[in-house]
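Participant: starting from these lines, generate the structure:
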Amino acid sequence: MATGEFDEGPDYATYRRRGTTDWLLVQTLDGQGRFGQVRAAPGSVTLVRPGTLHDYATVGDRWHFLYAHVNPKPDWLPLLDWPEVAPGIVQLQPARPTFDRIADHLRDAVRHQRSVLPQAEQLSANSLEAALLWCDTQNPKAVQIDDRLLRAIELIDQDLTANLDIPRLARAVNLSVSRFAHLFRDQLGVSPQQFVERRRLDAAARLLELTSRPVASVAAEVGYADPLYFSTRFRLHTGSSPTTYRKRS
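Facilitator: From the prediction side, this is the model:
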């Protein structure tokens, strides 16, 4: 895997008749480029499949883009099934907030790849996978989730100890309580309260597996002030008490 960020002028061009053996991902931040006759305008994310002709260049005076040469893991392949705009070339036009998240993750992939940490390659791959997952939320061939719900999910995951009741989440995404609750259940198949509880209990399970923190500490870290109530909900969620779950893990 190779990643980077280029800000190129009018003379930038690349031609590879046989392409490459990997996938090329390009997110255009500013200016404009082209892949053959396909425009890479600001706000677009373009993928070129392996073995596809590489004939890309700046259009106009500037092309500022993030890129990644990707040898995908097998479970990444469904994330690369985007609408085809030319033979071997697929492209998305993500909504602005998601476009920015994709850019953040790609920049993280670049930063990690330059790191001297022994885990740098894996960290970079994780960031690239996160970028592809956010791309998938904008793929018309995949199940679509409203951008306002994606924002709510992001708020939930940012701080599981926060007050995550429906009125607060609805206000944060500029929806009425009734509209938010209806849209959430319609698109995600569960109520917001059920989703928050699942996120909290899944996070608790990871902490029990990976740390030796007391159960009460784990409960508090995922938003449960009462350890007994946490244990009851955890047992209903996993079929085991927190202590038993930890021993089995």
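
Participant: doesn't Gln91 make contact with Pro49?
Facilitator: Actually, residue 49 is Arg. It isn't Pro. No. Arg49 is beyond contact range of Gln91, at 11.8 Å (criterion: C-beta atoms under 8 Å). C-beta: built from backbone N, CA, C; applies to glycine.

Participant: neighbour-wise, which of those two wins?
Facilitator: Taking other C-beta atoms under 10 Å, Arg49 and Gln91 do not tie; Gln91 has more neighbours (20 against 16).

Participant: helix, strand or coil for the more buried one?
Facilitator: strand (DSSP: H, G, I helix; E, B strand; the rest coil).

Participant: beta partners of it?
Facilitator: Thr46 (DSSP bridges).

Participant: and it, how far from Phe195?
Facilitator: Separation of Gln91 from Phe195 (C-beta to C-beta, to the nearest Å): 31 Å.

Participant: again with Asp202
Facilitator: Counting by C-beta to C-beta, the gap from Asp202 to Phe195 is 11 Å.

Participant: what do you get for Ser217?
Facilitator: For Ser217 relative to Phe195 (C-beta to C-beta), the value is 24 Å.

Participant: looking at these two, which is more packed in?
Facilitator: Each of Ser217 and Phe195 had its neighbours counted (other C-beta under 10 Å), and the higher figure belongs to Phe195 (20 against 12).

Participant: now do the lowest-mean-pLDDT helix or strand in the chain: which elements does it pack against?
Facilitator: When each helix and strand of the chain is scored by mean pLDDT, DSSP states H and E, helix 147-158 comes last, with a mean of 89. In terms of contacts (3 or more C-beta pairs under 8 Å, 6 or more residues apart in numbering; DSSP states H and E), helix 147-158 is packed against helix 96-113, helix 166-172, helix 177-188, helix 192-210.
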